[in-house]
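[1] Turn this into a structure:
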Amino acid sequence: MGAWNTKLTGNDTFQDIYQSFFDLYNQGLNPAAISKQIQEDFAEQFNDYDDRNNCLFALALAQWETKSLDPSVYNQVKALIETGKDLEVWKGLGADEKTLQQRKVILDKFLTQISSEKEKPKPRVKQKVEFTTIELIKAEAPDNNKVVEVSEFYTNGVYDQTGSAISWESGGGAVFYFTGQGQFISARWLDSQTLEVKHDKNIVFTKKETTFFYRGDQGKIIYSAE
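    Below is the predicted model of the structure:
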């Protein structure tokens, strides 16, 4: 077990459960639904003799902090602490008497804490949303009047979709969109009024314009699957 840390939060299993709970909580999910998902996602740990107690302690604390403490979870934690079963696990892992006494003090304080309802639920932390773009293609038309761009779009580092737009100095509009990170796509001007788009044959477009028009500047878009 390495260096002994008698704090409830002093192991990876506890942190994984606790952080996963609040990642979902901060997304606006209902605590009861989160608890169900946590127990499904971490079923292996909840059924492991060495990890189970830490899972229950983390879930109980998260539920208590969100005023959603499940009586079943509370009773399981209460039994683990009052019967000394958690200390038995630690003893089996090689904890000495001093460490066991320190752990017992912490467990007793924890049980006292969750035995009284929290006054207010822990506030949700508003998730920061960051949009980023990776430019794949940028090509100016021969008339030097407009530009076609193809880019991949990401939200908080997670790929959303790939899209293209034709823009003029004072405006423009979307040409196509599809979902498929890293799939082959190219765009080039055959002339000022004709844009050729070559793409992977497996791409399914959610938007696919075949013409463009802006303030009298009109043209066509030719698609070619490869």
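[2] could you pull out the helices for the protein?
    12-25, 31-41, 43-46, 52-65, 71-82, 85-92, 97-114 (DSSP state H).
[3] mind listing what's buried in the shortest one?
    The reference is to helix 43-46. 45-46 (16 or more other C-beta atoms under 10 Å). C-beta coordinates here come from the backbone N, C-alpha and C atoms, glycine included.
[4] thought K220 was touching E196?
    No. The criterion here is C-beta atoms under 8 Å, and K220 misses it with E196 at 9.8 Å.
[5] wait, doesn't T132 sit right on G157?
    Yes. T132 lies in contact with G157 (C-beta under 8 Å); the separation is 7.3 Å.
[6] Between these two, tell me which one has more neighbours.
    T132 (13 against 7; other C-beta atoms under 10 Å).
[7] Just give the nearest non-adjacent residue to that one, would you?
    Leaving out its chain neighbours, the residue that sits closest to T132 by C-beta to C-beta, 6 or more residues apart in numbering is Y154, at 4.6 Å.
[8] shouldn't T210 be in contact with K220?
    Yes. T210 lies in contact with K220 (C-beta under 8 Å); the separation is 6.4 Å.
[9] Next, format the helices of the chain as TSV and append mean pLDDT and distance to V150.
    Shown next, in TSV, are the helices of the chain (pLDDT from 0 to 100; distance: least, C-beta to C-beta, whole Å):
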stretch	mean pLDDT	distance to V150
helix 12-25	95	33
helix 31-41	97	37
helix 43-46	96	43
helix 52-65	97	43
helix 71-82	97	51
helix 85-92	95	56
helix 97-114	96	54
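[10] Kindly compare burial across these and name the winner.
    Neighbour counts (mean count of other C-beta atoms under 10 Å) averaged over each of the helices of the chain peak at helix 52-65, with a mean of 23.
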